[in-house]
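S.K.: What follows is a predicted structure for the sequence shown.
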Amino acid sequence: MEYFTRLLRERGLVLDLACGDGRHTLQLSKKASSIVALDLSFNNLKIAKKKCQSTGNINFIRGSMFSLPFRKEVFNGVWFSQAFEYVSPDKREDILASIRHVLKPKGILYMSVETWMYSSILRSIKELWDDFKLYFSGNS
């Protein structure tokens, strides 16, 4: 997040796309002048609002990442964390074009996706569980 906010250079308007429960929204609000937090889930927005109630620079909007309700080139940055994996392959180019549409010409996009280490989910979970056990056995 530090790198993303440093790249913004100015403390401008940031879209927290598919903000979920606001886990990143609060941190972003400390670095940017204004945040728009968008999520489709009413419940997630309710949790995010409560989590971020001490700030005054966040606007929460219930909406779909598939139909962004913003004008062209309005955001200095878009934070899109761990939601792209929910976009079906046939809609990925469309959503990226929508993000490009709302970003200012020199805007910054941060995007991360949740991935598994191996093609087998069971193997990935076993590997993560082994790491988890190792971590806690070493910290006893």
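M.R.: Looks like it arrived, so ask away. Residues are numbered from 1 along each chain as shown.

S.K.: low-scoring stretches of this structure, by residue?
M.R.: In the predicted model of the chain, residues 10, 114-119, 121, 124, 127-128, 130-140 satisfy pLDDT under 70.

S.K.: got the residue ranges for the strands in it?
M.R.: Counting by DSSP state E, one finds strands in the chain at the ranges 13-17, 34-39, 58-62, 75-81, 103-112.

S.K.: tell me the contacts of Thr55?
M.R.: 26, 29 (Cβ atoms under 8 Å, 6 or more residues apart in numbering). (Glycine included, C-beta is placed from N, CA and C.)

S.K.: again with Ala32
M.R.: Counting by Cβ under 8 Å, 6+ apart, the residues that Ala32 touches are 5, 8, 11-14, 57, 76-77.

S.K.: and if we set it to 7 Å?
M.R.: When the contact criterion is Cβ atoms under 7 Å, 6 or more residues apart in numbering, the partners of Ala32 are 5, 8, 11-14.

S.K.: thinking Gln27 is in contact with Glu2, fair?
M.R.: No: with contact defined as Cβ atoms under 7 Å, Gln27 does not reach Glu2; the gap is 9.6 Å.

S.K.: of the two, who's got more company?
M.R.: Set Gln27 next to Glu2 and count neighbours by other Cβ atoms under 10 Å: Gln27 wins out with 17 against 8.

S.K.: How about the more buried one, nearest residue that isn't a chain neighbour?
M.R.: Using Cβ to Cβ, 6 or more residues apart in numbering and skipping the chain neighbours, the partner closest in space to Gln27 is Met1 (5.8 Å).
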